[in-house]
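**Student:** how would this look folded up:
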Amino acid sequence: MPLTSNDRLSAIRIPGTEERFLDPLGPKDRGMGRLRYLSGGMGPPLVLLHTVRTQAEHFRHLIPLVRDRYTVYALDLPGMGYSQIVPGASYEEPAMREAVKSLITRLDLRDVTLLGESMGATLALTTAADLPERVRRVVAINAYDFAGGIARSSLLARFVVTGALAPVVGPTVAGVQPKPIVRAVLHGGLGDTAALRDDYLDELLKVGRRPGYPVVARAVYGNLPSLIAARARYPEVKAPIHLIYGEKDWSRPSDRQANKQLLPAAEFVQVPGAGHFIVLERPDVAAKVLNDAMRLASVPEAAASGA
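**Tutor:** Numbers count the residues shown, from 1 in each chain. The predicted structure is shown next:
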């Protein structure tokens, strides 16, 4: 059920969307907990999957550009954003993929376009491999599937992630989130640092203060090996794939080339000057890919109908 405006958990409002929740049904679902997502728009379903340490509002500037052509479902991945934090839950790639699949199958979404950034890009590709009968297209932005991950961003990011993963002190480090440090770490993922709005940073900090969130953050930082391993699933995807990379992404040219070779039929785009968080600084790039795909799909339909 949607929430009323007075009940909304996030301070950020995306016009035309509502907050909704998917409650667990059985033992398998209880492991991932209650999932929160934003929904709105019209047209075929578009499922949006966010980056490491963010949430559905990551797509606040993209959604208005595509909601006239798609019904959007922007998911808070398990334990992140305002999805339920379940003690002892796994945040490895297979567990998070199950949450994405649960959203799609429980809502009986078909003809789905999956768009993910960073960790979300890897999940979009592996979900498409698992649900070929439901997924029509995948847009994978700066796939987070290479050694080092966010630690490549800057010396500060390396210190924060290494500290969060350290034995004994790790949970304490993961729970310490001074605003200047979080801002500096996120700036390391942007070509244009002005794209990180202060209200969005405040939202991420508010989520980071949820009870149990430091455990989630630590587990997510530590799940990189499972995301790297998930690359083996990419060639199983039957749907058309768009690979988008920022010129200044944390991935190296060799990482991008490896995915191009793994997915030779994929459309490849590199965005000049952009960093890891393309959806924040250049939402128009993703919107053009999505809207162009919808326009092209409508041409054969119009021809078939004699229009």
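**Student:** contact partners for the most centrally placed residue in the chain?
**Tutor:** When the chain is reduced to its mean C-alpha position, the closest residue under Cα atoms, centre = their mean turns out to be His50, at 1.9 Å. Each residue near His50 by Cβ atoms under 8 Å, 6 or more residues apart in numbering is listed here: 56, 58-59, 74-77, 80-81, 116-120. Backbone N, C-alpha and C define where each C-beta goes, glycine included.
**Student:** next up, phi/psi of it, please.
**Tutor:** Dihedral pair for His50: phi -80, psi -180, per degrees, to the nearest 10.
**Student:** what do you get for Leu65?
**Tutor:** Leu65 adopts backbone torsions of phi -80, psi -10, taken as degrees, to the nearest 10.
**Student:** just give the nearest non-adjacent residue to it, would you?
**Tutor:** Counting by Cβ to Cβ, 6 or more residues apart in numbering, the nearest residue to Leu65 once its immediate chain neighbours are dropped is Ala287, at 3.7 Å.
**Student:** state the pLDDT value of the one you found.
**Tutor:** Model confidence at Ala287, expressed as pLDDT, equals 98.
**Student:** where does the chain have its least confident helix or strand?
**Tutor:** The helix or strand with the lowest mean pLDDT-type score in the chain, counting by mean pLDDT, DSSP states H and E, is helix 27-30 (a mean of 67).
**Student:** that older thread, which ones among the contacts of His50 are found in strands?
**Tutor:** Secondary structure assignment by DSSP state E places Ala74, Leu75, Gly116, Glu117 of these in strands.
**Student:** list just the nearest of those to Arg67.
**Tutor:** Ala74 (10.7 Å; Cβ to Cβ).
**Student:** returning to what we had before: distance to Tyr234 for the ones in strands among the contacts of His50 - can I get that in a markdown table?
**Tutor:** Formatted as a markdown table, the entries for the ones in strands among the contacts of His50 read as follows, by distance: Cβ to Cβ, whole Å:
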| residue | distance to Tyr234 |
| --- | --- |
| Ala74 | 23 |
| Leu75 | 21 |
| Gly116 | 13 |
| Glu117 | 16 |
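**Student:** pull the next helix or strand after the least confident helix or strand of the chain out as CSV, backbone CA atoms only.
**Tutor:** Downstream of helix 27-30, the first helix or strand assigned by DSSP states H and E is strand 35-41. What follows is strand 35-41 as a C-alpha-only set of coordinates in CSV (Å, rounded to 0.1, in the frame of the first residue of the first chain):
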residue,chain,number,x,y,z
LEU,A,35,11.3,-3.9,0.9
ARG,A,36,10.5,-0.3,0.2
TYR,A,37,10.2,1.1,-3.3
LEU,A,38,9.0,4.2,-5.2
SER,A,39,6.5,3.8,-8.0
GLY,A,40,4.9,6.1,-10.5
GLY,A,41,4.6,6.9,-14.2
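**Student:** packing partners for strand 35-41?
**Tutor:** Packed against strand 35-41 by the contact rule (3 or more Cβ pairs under 8 Å, 6 or more residues apart in numbering; DSSP states H and E) you find strand 17-22, helix 63-66, strand 71-75, helix 93-106.
**Student:** turn those into CSV, including mean neighbour count, distance to Pro214 and mean pLDDT.
**Tutor:** Formatted as CSV, the entries for the helices and strands packed on strand 35-41 read as follows, by neighbours: other Cβ atoms under 10 Å; distance: least, Cβ to Cβ, whole Å; pLDDT from 0 to 100:
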stretch, mean neighbour count, distance to Pro214, mean pLDDT
strand 17-22, 18, 23, 96
helix 63-66, 21, 29, 97
strand 71-75, 25, 22, 98
helix 93-106, 20, 18, 97
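**Student:** and the ones you listed as TSV, adding distance to Arg233?
**Tutor:** Compiled in TSV, the helices and strands packed on strand 35-41 are given as follows (distance: least, Cβ to Cβ, whole Å):
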stretch	distance to Arg233
strand 17-22	24
helix 63-66	26
strand 71-75	19
helix 93-106	9
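**Student:** and of those, who's closest to Leu125?
**Tutor:** From the helices and strands packed on strand 35-41, taking Cβ to Cβ, the stretch that ends up closest is helix 93-106, at 9.8 Å.
**Student:** relative orientation of the closest one and strand 17-22 in degrees?
**Tutor:** An angle of 110 degrees separates the directions of helix 93-106 and strand 17-22 when computed by axes from the mean of the first three to the mean of the last three Cα atoms, to 10 degrees.
**Student:** render the CA-only coordinates of helix 93-106 in CSV, please.
**Tutor:** Coordinates of each C-alpha in helix 93-106 appear next as CSV, following Å, rounded to 0.1, in the frame of the first residue of the first chain:
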residue,chain,number,x,y,z
GLU,A,93,25.1,-10.6,-4.7
PRO,A,94,22.8,-13.7,-4.8
ALA,A,95,20.8,-12.5,-1.8
MET,A,96,20.3,-9.0,-3.2
ARG,A,97,19.4,-10.5,-6.6
GLU,A,98,16.6,-12.5,-4.9
ALA,A,99,15.1,-9.3,-3.6
VAL,A,100,15.1,-7.8,-7.1
LYS,A,101,13.5,-10.9,-8.5
SER,A,102,10.9,-10.9,-5.6
LEU,A,103,9.9,-7.3,-6.6
ILE,A,104,9.4,-8.3,-10.2
THR,A,105,7.7,-11.6,-9.7
ARG,A,106,5.5,-10.6,-6.7
